[in-house]
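*Asks:* Could you work out the structure for the sequence below:
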Amino acid sequence: MADAPQSLIAFDDFLKLDLRVATITQAEEHPAADKLLVLQVDLGDQQRQIIAGIKGYYEPAALVGKQIVVVANLPPRKMRGLESQGMLLAACTDDRQTLALLTLDRPIPAGTRVS
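*Replies:* You can find the predicted model right below:
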């Protein structure tokens, strides 16, 4: 059974999130972590690296070309020695057996704002 929704936030708090479409241009295993993949993504006007705990759910080669949704306005964060410059959005079952990336149902330019 899924967790109950989190407490309510103000609409202005939601507007602080900069959700963008990103196209994965490269994906590889993190050299120093069992569950992390290193993704290079195109955000239209810039390229970024995102470190994501999705190893075991996706083969790196299968991710290249996928369009995903990312939180683009998080500060960079070191993850096992590599810098992550954003966070991808995904859904995961409570038992962690299934994970699905938030993807688009048709192509759209990288960097497009999600609202």
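
*Asks:* Quick check: K55 vs L39, distance?
*Replies:* 11 Å (Cβ to Cβ, to the nearest Å). All C-beta atoms are positioned from the backbone trio N, CA, C, and that covers glycine.

*Asks:* Pick out whichever of these two has more residues nearby.
*Replies:* Applying other Cβ atoms under 10 Å to K55 and L39 shows that L39 carries more neighbours, namely 27 against 17.

*Asks:* The more buried one - nearest residue in space that isn't next to it in sequence?
*Replies:* Leaving aside its sequence neighbours, L39 sits nearest to I50 (Cβ to Cβ, 6 or more residues apart in numbering; 4.7 Å).

*Asks:* CA atoms only for the longest strand anywhere in the chain - export them in PDB, please.
*Replies:* In the chain, assigned by DSSP state E, the strand with the most residues is strand 19-29. This file holds the C-alpha atoms of strand 19-29, laid out as PDB (Å, rounded to 0.1, in the frame of the first residue of the first chain):
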ATOM      1  CA  LEU A  19      11.000  21.100 -13.500                       C
ATOM      2  CA  ARG A  20      12.500  20.700 -17.000                       C
ATOM      3  CA  VAL A  21      12.600  18.100 -19.800                       C
ATOM      4  CA  ALA A  22      16.000  16.600 -20.200                       C
ATOM      5  CA  THR A  23      17.300  14.300 -22.900                       C
ATOM      6  CA  ILE A  24      19.700  11.600 -21.700                       C
ATOM      7  CA  THR A  25      22.800  11.800 -24.000                       C
ATOM      8  CA  GLN A  26      25.000   9.300 -22.200                       C
ATOM      9  CA  ALA A  27      24.700   6.800 -19.300                       C
ATOM     10  CA  GLU A  28      27.200   4.700 -17.500                       C
ATOM     11  CA  GLU A  29      27.700   2.900 -14.200                       C
END
